[in-house]
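Asks: my questions concern the predicted model and sequence given below.
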Amino acid sequence: METVIGIMSPLIDDTINGLSVKKFKPDPIMGIHFSRQNSLLGSAQKRHGFIIERTILETLRRYPQFEV
């Protein structure tokens, strides 16, 4: 049986890679650098909810007393 981290690693890697190539519109007040950093953090926070949810699901699947 594959481990939870083995299942989740590709999803986490894809999420990080997706963020690294994403183009963000610069905020004129913050400038290009800080605007990108702020946008990356905001996007990562929105996406990590799915990763947490999927991790819980994959963990619960390992227990036969639970039906998921």
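Replies: It's in.
Asks: so which residue is dead centre in this structure?
Replies: Centroid check for the chain by CA atoms, centre = their mean gives residue 48 as the closest residue, at 3.8 Å.
Asks: what's the host helix or strand of that residue packed up against?
Replies: If you go by DSSP states H and E, residue 48 is part of helix 31-60. Contact here means 3 or more CB pairs under 8 Å, 6 or more residues apart in numbering; DSSP states H and E; on that basis helix 31-60 packs against helix 4-21. Every residue, glycine included, has its C-beta placed from N, CA and C.
Asks: distance between the helix it packs on and the chain's centre?
Replies: Centroid displacement of helix 4-21 relative to its chain, using CA atoms, centre = their mean, to the nearest Å, is 7 Å.
Asks: which parts of that helix are buried?
Replies: Within helix 4-21, the residues scored as buried using 16 or more other CB atoms under 10 Å are 4, 8, 15.
Asks: which ones are touching the first one?
Replies: When contacts are counted by CB atoms under 8 Å, 6 or more residues apart in numbering, residue 4 is found next to 55, 58, 59, 62.
Asks: check residue 61 too.
Replies: residue 68.
Asks: which non-adjacent residue is nearest residue 55?
Replies: residue 8 (5.6 Å; CB to CB, 6 or more residues apart in numbering).
Asks: is it true that the one you found touches residue 53?
Replies: No: with contact defined as CB atoms under 8 Å, residue 8 does not reach residue 53; the gap is 11.1 Å.
Asks: all good on my end, thank you.
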